[in-house]
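Q: Sequence and predicted structure are below.
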Protein chains: 2
Amino acid sequence: MDIEQQVAQAKLVCEKRGARFTALREQVFTLLAKHNSAVGAYDLLSELQVIDSSAKPATIYRALDFLNQQGFVHKIESINAFVMCDHFSECNHPVQLLICDDCGYVEEIQSENLDLAIRSMADASGFKIKHQVVEAHGYCAKCQSDKN
Amino acid sequence: MDIEQQVAQAKLVCEKRGARFTALREQVFTLLAKHNSAVGAYDLLSELQVIDSSAKPATIYRALDFLNQQGFVHKIESINAFVMCDHFSECNHPVQLLICDDCGYVEEIQSENLDLAIRSMADASGFKIKHQVVEAHGYCAKCQSDKN
DNA sequence: TAAAAAATGATATAATTTATCTTCACGGTT
DNA sequence: AACCGTGAAGATAAATTATATCATTTTTTA
Ligand SMILES: [Zn+2]
Ligand SMILES: [Zn+2]
Ligand SMILES: [Zn+2]
Ligand SMILES: [Zn+2]
C-alpha cells in the first residue's frame, strides 16, 4: 500500500468515527508513513518544521497522540519512538513488534498464539489485560547477512 | 524469600561472576526489594538520599544499570520504572510482566509458550532476537474486586 | 448567529536519562 | 609495603523526552 492509499484509508476511518483528520495530523501521518522504521518524536518534529516552521514539541506530541489513539501509529516504548501500523483498519489489535537494533527496521507481526499465551497467564492470576507491549529486539535478516 | 535472603543471594551470584556488589549497589537493591511494585528512578533517588544525601541522578542510574545487567532488577519500559526480579538466579530469562495500572503491582510471569510464540514468529522472518520486552497492562485481581 | 467543543499556538517547564571529567577504592603485582 | 591499572563513585552539566497551561482559532452544534 502506498502512502496516498494509507492517507485515504485513514481519512475514511476517521470519517466513520467522527474523528478529525486535520491538515496537521495528515502531515505528521504522511511524514511517519515515509519511514519504514521507527522515528523519534523530535526527529519527526524537525521534519515537520521544514513544512511548518512554527511547529513545537507539543505540536508533534499532540498529533502523535491522536494518531496513536486512532491506532494508525504505535509507540515503541522501549526506544521512545513511533512507527506506522501495518494494518490499522483492524482496530484494537495487540501490538507485537520485531525491532532491529542495527538498522531500526520494525516488523509488525500478528501472532494469535502469542496473544493467547499472555492472556492465559493473566487469566491464571485473575489479571485483566487492557493493553499489551510486546517488543522483541535483535537483528533483522538483512542485517545478519550484512555481517558476513 | 525475605530481603536479607535476597541480598545474600545477590552477593553470592556476584561473587561467582566476579562482579562487585558494592555498598551503594546493595543499598539500591535493598530499597527496591522493599517495594513489591514498580518504582521510578527518582522515587528511588529520594529514598536513597535519606541514607546518602550526596546521591545524584547518576548515582541511582548507575546502580540500577548494574543491577539490571546482573539481572537482579528489570526495567519496565512502558512506565519508566524498575522492579525486583522474581527469580534472578535463573539468569537471562525472558522478562514477562503483568502491570496493574491501578495499584502499580507487578507480577513477573514465566510462560514458555509465550517465549516460543515470539521466537517462532521471529524465525519465520529470519529475525534473531536478543532481548524481549513483554509488558501487559491492566488490573490485578485485587483491584478488580475492590471495584465491587 | 451564538454558544460549546475541539484543535492549535505559544510559552514554559517537568521528567527522564546520559555524558564527561575528576577523584577514590580495590586487586593484583613487584 | 609501595606501585599500578581498573573499575566505581562524586560532581557537574547537559541532552532527551514529554507535559502543563493559557490564549487564540477553528469547527460543530443548537
Ligand atoms: Zn498495528
Ligand atoms: Zn536491520
Ligand atoms: Zn526476572
Ligand atoms: Zn492492582
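A: Arrived safely. Numbers count the residues shown, from 1 in each chain, chains lettered A, B, ... in the order given. Ligands and ions are numbered 1, 2, ... in the order given.
Q: Quick check: which helices or strands does the lengthiest strand in chain A pack against?
A: Counting residues, the longest strand in chain A under DSSP state E turns out to be strand A:128-139. With contacts defined as 3 or more C-beta pairs under 8 Å, 6 or more residues apart in numbering or on different chains; DSSP states H and E, strand A:128-139 has these neighbours: strand A:96-100, helix A:112-124, helix B:112-124, strand B:128-139. Just so you know, the C-beta spots here come from the backbone N, C-alpha and C atoms, and that holds for glycine as well.
Q: quick one: which of these is nearest DNA strand C?
A: strand B:128-139 (12.7 Å; C-beta to the nearest atom of the strand).
Q: Could you list the buried residues of the closest one?
A: B:Lys128, B:Ile129, B:Gln132, B:Val133, B:Val134, B:Glu135, B:Ala136, B:His137, B:Gly138, B:Tyr139 (16 or more other C-beta atoms under 10 Å in any protein chain shown).
Q: Tell me what angle it forms with strand A:96-100.
A: 140 degrees (axes from the mean of the first three to the mean of the last three C-alpha atoms, to 10 degrees).
Q: Which secondary structure elements does the helix or strand just after strand B:128-139 sit against?
A: Sequence order places helix B:141-146 as the next helix or strand after strand B:128-139, per DSSP states H and E. Applying 3+ C-beta pairs under 8 Å, 6+ apart, one finds that helix B:141-146 makes contact with no other helix or strand.
Q: And the contacts of helix B:141-146?
A: Helix B:141-146 is contacted from outside by A:Ser125, A:Gly126, A:Phe127, A:Lys128, B:Cys100, B:Asp102, B:Cys103, B:Tyr105, using C-beta atoms under 8 Å, 6 or more residues apart in numbering or on different chains.
Q: Quick check: PyMOL command selecting the buried ones in those.
A: A single PyMOL command selects the buried members of the contacts of helix B:141-146 (16+ other C-beta under 10 Å):
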select buried, (chain A and resi 127+128) or (chain B and resi 100+105)
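Q: Make a markdown table out of the contacts of helix B:141-146 and add distance to A:Leu32 and pLDDT.
A: A markdown table is the format used below for the contacts of helix B:141-146 (distance: C-beta to C-beta, whole Å; pLDDT from 0 to 100):
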| residue | distance to A:Leu32 | pLDDT |
| --- | --- | --- |
| A:Ser125 | 36 | 97 |
| A:Gly126 | 38 | 98 |
| A:Phe127 | 33 | 98 |
| A:Lys128 | 31 | 98 |
| B:Cys100 | 31 | 97 |
| B:Asp102 | 32 | 93 |
| B:Cys103 | 35 | 92 |
| B:Tyr105 | 34 | 96 |
